[in-house]
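Asker: Structure, please.
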Amino acid sequence: MSSPAPRRSRPASVQGTPQAARQNVPFFQSSSAVPNGNANGNANMDISSPSKQASVAGSTPRAPPGDSSPIRYASSSSPTRAAANGDRQPDVPTSSSGLFVRSSRSSAPGTSGLNNSRRGDIHSDVFGSTPSRRRRLFVDENGVPVRDGAPSDPATFSNLDPNTSEADAIGGSSTRIIWGTNISIQDTMSTFKEFLLGYQKKYRMWADGATEEETSEPGSGGNEREYVEMLNHMRQLGVTGLNLDVRNLKAFPSTVKLWHQLQAYPHEIVPLMDQAIKDIIVDQAEEEMNRLRSEQQLQRAQARPDSSMPAVPSSETNGHAEQQSMIPDLVQEAETKVYKVKPFGLDSSVNMRELNPNDMDKMVSIKGLVIRTTPVIPDMKTAFFRCQVCNHAVNVSLDRGKIAEPTRCPRQACQSQNSMQIVHNRCEFADKQVIKLQETPDSVPDGQTPHSVSLCAYEELVDVCKAGDRIEVTGIFRSNPVRINPRQRTIKALFKTYIDVLHIQKVDKRRLGIDVSTIEQELSEQVAGDVEQSRKISEEEEQKIRATAARGDVYELLARSLAPSVYEMDDVKKGILLQLFGGTNKSFEKGGSPKYRGDINVLLCGDPSTSKSQLLKYVHRIAPRGVYTSGKGSSAVGLTAYVSRDPETRQVVLESGALVLSDGGVCCIDEFDKMSDSTRSVLHEVMEQQTVSIAKAGIITTLNARTSILASANPIGSKYNVNLPVPQNIDLPPTLLSRFDLVYLVLDQIDEQNDRRLARHLVGMYLEDTPENGNAQEILPVEFLTSYISYSRTKCQPKITQAASEALVSAYVQMRKLGEDVRAAERRITATTRQLESMIRLAEAHAKMRLAEEVTANDVHEAVRLIKSALKQAATDARTGLIDMGLLTEGTSASERRRRSDLKKAITDLLDEMTRSGGSARYSEVYRRVSEQGSAQVEGTEFAEALRSLEQEGQVVVGGEGPRRNIRRVTGVA
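Answerer: So this is what the prediction gives:
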């Protein structure tokens, strides 16, 4: 049987700290009967380990015989801190044991004691509270669970009189500390409650260097009690997690010691903080219920008829029951929840390659890139065993990472051997997920491979992040022994390390925020005080951003600030700038709800040493979820996804490639022309449908790859030939080129004046900044530029107006009219529907840049200008000087196709004339006469290609070799 429900007592001296004495289970439950103890102690109390006993002034605590050996404990970083190991947690405040008065309402006489909720990140197994050590199950030599363990010393704190009240156990002396630490239970809880109720923002502002005058200003908010508001929101919204910035603990005068203890002993401090939060929320719930009762009584008094006698409820109407039914039991609702503190904001983050044994069981903070997340894993916390003979059931909790299965029925009347069988649907499980975190590419030292570490996320932190996220994790660095063989108990000398996650933060101040129209926002509960995934913009920054957007030259200013070390290339920078802003992802119900991409793809192609790679590097540094890769070092599976085998579960899993990791960001691909054909073929689906379809190793799925692609390519001969179209200069298929919204030619042209300005710009970068050689033009800092772009991507989703739609239609029609030529029989293709969609995306991005809510005609005009400037370079026919989209879509222009058709017709007419009497004509003679008839010289390759085309059509037959080569006309073919 469990202990009876204790009565609640009000705090005596410290608010929220229980002081009233009552009879219940002591702090550390006894493992054997005390000779002079009262018989009212709980016979079924759990056995606690002496590793966390408290020391009394003047005496040294001693562990019981046979239980102090280090063999009985999991490995830790030092013998004195063995108790802090997460595989077996200390018996700290629990609601089921009745230690804290605040949590006593959840325990009622006759309850089974089966724990329904627990905190998984520190492996606690209590209901209503969060201890940092789980209970231990003792068995005899036959494997039968026993109630009491080895007899312990009655002089230790863990073996007080069972009649000692909980308030006396924790409040009798402040010198009582948890064994192996300097943590006082009473002082820790009272100090943290004082912090939650008394902390004001001015303490943090003072720590950051603000003066008292600045904090006392009306608009500064220095007197706001931040955590009191958070706790109220948690109680009202039913949220159980409180995100705690530990820098606030450091700034608050009375919690500096607690700040050190939290980082050194997180297993012990975090559960005490959880209980303190629960105490305060229960107090708030009581105050709210009292307020509701007072209001209800006042309303009843006002509605009562004037009479000197109070109203007496009749048998038909039970007034008291009706009154109680109208008021919800807020206290009981708060008692049944498990409140958790999630600390974050350590002074410095540790590089994962610098983690060492000194960090074991301590709180650490690391940054990295998520490369893989496992599905949700059920993590067993309590096993339910039932006897197959007598149906007697017993619950066994997880003890140091394993379940001790009973070998005999514990019922005295049964005692059947090997009759206990586990019942899975009666066991308790918690959600668990293993996350693989890797060093970011910019933090890896030169010449070394990136390190990785495994993270274990529990409960509400499951599925918070996904592959490609750059996160900062706060957790407890732990180690586990590894068995040589799963069927043997022998373990290896090397331990496996991992981090139990307490808090995950997705933010990088030097990078852009994720576009809300690209990444769907899950409709999950917002945790009180949660750190947003996107960057927080203060009111001052927002005013500065609005003021910058109101400037008339904001477009040129932002373009200058993008890669300021790159000289000129204004149109290229403007195109990349609009790519960073991006269009709006949308879906139309009219067409069956297909999704239309808002991401803009840009290709830079041209001569070497023209700053193409430098632009890509700059964009990669500030782009969200960006991945930088090179064409020669990339494979098809490396870009999309590849199948591997999980080292732990040995199951086939899908690893995300560069394009999938860039979902919601920008993927920079250098040396685009060096890619193999099989690698480039996977980009067709990604660039238009923005998905990656996988069907390999029994895995058939479609992954999202909603990414913008910024690529650079070099010409075939290391020098761009202006007389040849882009597909012939760069080894790229026309179908892939047509998927780029903007194709810029970056050519190295010889111009003395331009070369002189460029040389002065490069030399000036090596000189000290002085008024003489400094840049006279204003350039925005990279932090403000990223803030500006992130703010616009988050806040602005412009809509196309009627005037803008008319301008788009007019611009598209005008671009199509450029293909009209009265002298030619065929019309050139100067624009396709892809150019129209590109204009829409660029116009939306230009409106975002202005922080506008609507797309105007001016935005459309700028988008058309950018597309035309790119087409003039990339899609201009070298023979005619006119724009022809056929160069990008088909690889040949309309004039080139007409020239080939005329050449084939001339060859067939000449063959009809030369072979009128039958026979064949010599190859060299036909080539000579065709060249003489034409107005322009016919190249030998053109003549051979035309003959090959005629031969495929079945109009001619080419025979012979060398000088005897001849051409015969096939008759009867039209």
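
Asker: quick one, strands of the stretch 701-850 of the chain?
Answerer: 708-713, 742-746, 799-800 (DSSP state E, counting those that start in this stretch).

Asker: do the stretch 851-974 of the chain as well
Answerer: 854-855, 921-922, 956-959, 966-969.

Asker: Nearest to R793, out of these?
Answerer: strand 854-855 (15.6 Å; Cβ to Cβ). Where you see a C-beta, it was placed from the backbone N, CA and C, and this is true even at glycine.

Asker: and the closest one, which strands flank it?
Answerer: strand 799-800 (parallel) (DSSP bridges).

Asker: I would like the residues contacting the partner strand, please.
Answerer: L808, I840, A843, E844, E853, E854, V855 (Cβ atoms under 8 Å, 6 or more residues apart in numbering).

Asker: swap in stretch 643-653?
Answerer: R372, T374, V434, L654, E655, K696, A697, G698, I699.

Asker: distance between the ends of that stretch?
Answerer: Start to finish, the residues bounding stretch 643-653 are 6 Å apart (Cα to Cα, to the nearest Å).

Asker: List the contacts of the residue nearest to M914 when sequence neighbours are not counted.
Answerer: What sits nearest to M914 in space, not counting adjacent residues and going by Cβ to Cβ, 6 or more residues apart in numbering, is A921, at 4.4 Å. Contact partners of A921, counting by Cβ under 8 Å, 6+ apart, are L911, M914, T915, N966, I967, R968.

Asker: dump the residue contacts of R386.
Answerer: R386 neighbours (Cβ under 8 Å, 6+ apart): H392, A393, M420, Q421, V423, R426.

Asker: Just list whatever residues bridge to it.
Answerer: A393, Q421.

Asker: where does it sit relative to T215, distance-wise?
Answerer: Per Cβ to Cβ, to the nearest Å, R386 is found 63 Å from T215.

Asker: Any stretches of the stretch 201-350 of the chain with poor pLDDT?
Answerer: Applying pLDDT under 70 to the stretch 201-350 of the chain picks out residues 219-220, 304-326.

Asker: And the strands in it, which stretches?
Answerer: With DSSP E, counting those that start in this stretch as the criterion, the stretch 201-350 of the chain has strands spanning 241-245, 340-344.

Asker: As TSV, these with mean neighbour count and distance to E778 would be great.
Answerer: Below are the strands of the stretch 201-350 of the chain laid out as TSV (neighbours: other Cβ atoms under 10 Å; distance: least, Cβ to Cβ, whole Å):
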stretch	mean neighbour count	distance to E778
strand 241-245	22	35
strand 340-344	23	37
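
Asker: Which among these is found nearest to I669?
Answerer: Short answer: strand 340-344, nearest of the strands of the stretch 201-350 of the chain by Cβ to Cβ, at 34.8 Å.

Asker: and that closest one, what does it pack onto?
Answerer: Helices and strands touching strand 340-344, by 3 or more Cβ pairs under 8 Å, 6 or more residues apart in numbering; DSSP states H and E, are strand 241-245, helix 266-303, strand 470-483, strand 491-505.

Asker: count of neighbours near S662?
Answerer: 27 (other Cβ atoms under 10 Å).

Asker: domains for the chain, by residue range?
Answerer: 1-302+327-344, 345-505, 566-765+773-782+793-891, 894-969 (automatic domain parsing).

Asker: could I get the ones you listed as a markdown table with distance to E542?
Answerer: Shown next, in a markdown table, are those (distance: least, Cβ to Cβ, whole Å):
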| stretch | distance to E542 |
| --- | --- |
| domain 1-302+327-344 | 14 |
| domain 345-505 | 22 |
| domain 566-765+773-782+793-891 | 9 |
| domain 894-969 | 52 |
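
Asker: ranking these by mean pLDDT, which is last?
Answerer: The minimum mean pLDDT among the domains of the chain belongs to domain 1-302+327-344 (a mean of 61).

Asker: For the stretch 151-300 of the chain, which segments count as helices?
Answerer: Ranges of helices in the stretch 151-300 of the chain, per DSSP state H, counting those that start in this stretch, are 166-171, 185-198, 201-207, 212-215, 226-237, 246-251, 256-264, 266-303.

Asker: Between the ones you listed, which one is closest to Q505.
Answerer: Per Cβ to Cβ, nearest to Q505 of those: helix 246-251, 12.6 Å.

Asker: how about the CA coordinates for the closest one, as PDB?
Answerer: What follows is helix 246-251, C-alpha atoms only, in PDB (Å, rounded to 0.1, in the frame of the first residue of the first chain):
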ATOM      1  CA  VAL A 246      20.800  30.700 -17.200                       C
ATOM      2  CA  ARG A 247      22.400  34.100 -17.900                       C
ATOM      3  CA  ASN A 248      19.500  35.500 -15.900                       C
ATOM      4  CA  LEU A 249      20.600  33.300 -13.000                       C
ATOM      5  CA  LYS A 250      24.000  34.800 -13.200                       C
ATOM      6  CA  ALA A 251      22.700  38.300 -13.300                       C
END
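
Asker: contacts for that helix?
Answerer: So helix 246-251 is contacted by 195, 199, 203-204, 206-207, 226, 255-256, 258-259, 262-263, 343-347 (Cβ under 8 Å, 6+ apart).

Asker: could you dump the contacts of strand 799-800 to JSON lines with neighbour count and distance to V643?
Answerer: Listed next are the contacts of strand 799-800 as JSON lines, based on neighbours: other Cβ atoms under 10 Å; distance: Cβ to Cβ, whole Å:
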{"residue": "L808", "neighbour count": "21", "distance to V643": "44"}
{"residue": "I840", "neighbour count": "22", "distance to V643": "38"}
{"residue": "A843", "neighbour count": "29", "distance to V643": "41"}
{"residue": "E844", "neighbour count": "28", "distance to V643": "38"}
{"residue": "E853", "neighbour count": "13", "distance to V643": "45"}
{"residue": "E854", "neighbour count": "12", "distance to V643": "47"}
{"residue": "V855", "neighbour count": "28", "distance to V643": "43"}
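
Asker: quick one: which of those sit in helices?
Answerer: Mapping those onto helices (DSSP state H) picks out L808, I840, A843, E844.

Asker: Please name the residues that touch the nearest residue to E862 once chain neighbours are set aside.
Answerer: Leaving out its chain neighbours, the residue that sits closest to E862 by Cβ to Cβ, 6+ apart is H846, at 5.2 Å. Counting by Cβ under 8 Å, 6+ apart, H846 touches Y555, L578, F581, V855, D859, E862, A863.

Asker: try I967
Answerer: I967 touches L911, S920, A921, R922, Y923, V926, L947, V956, V957, V958, counting by Cβ under 8 Å, 6+ apart.

Asker: What separation do you get for the third one and S790?
Answerer: I take that to be A921. From A921 to S790 the distance is 71 Å (Cβ to Cβ).
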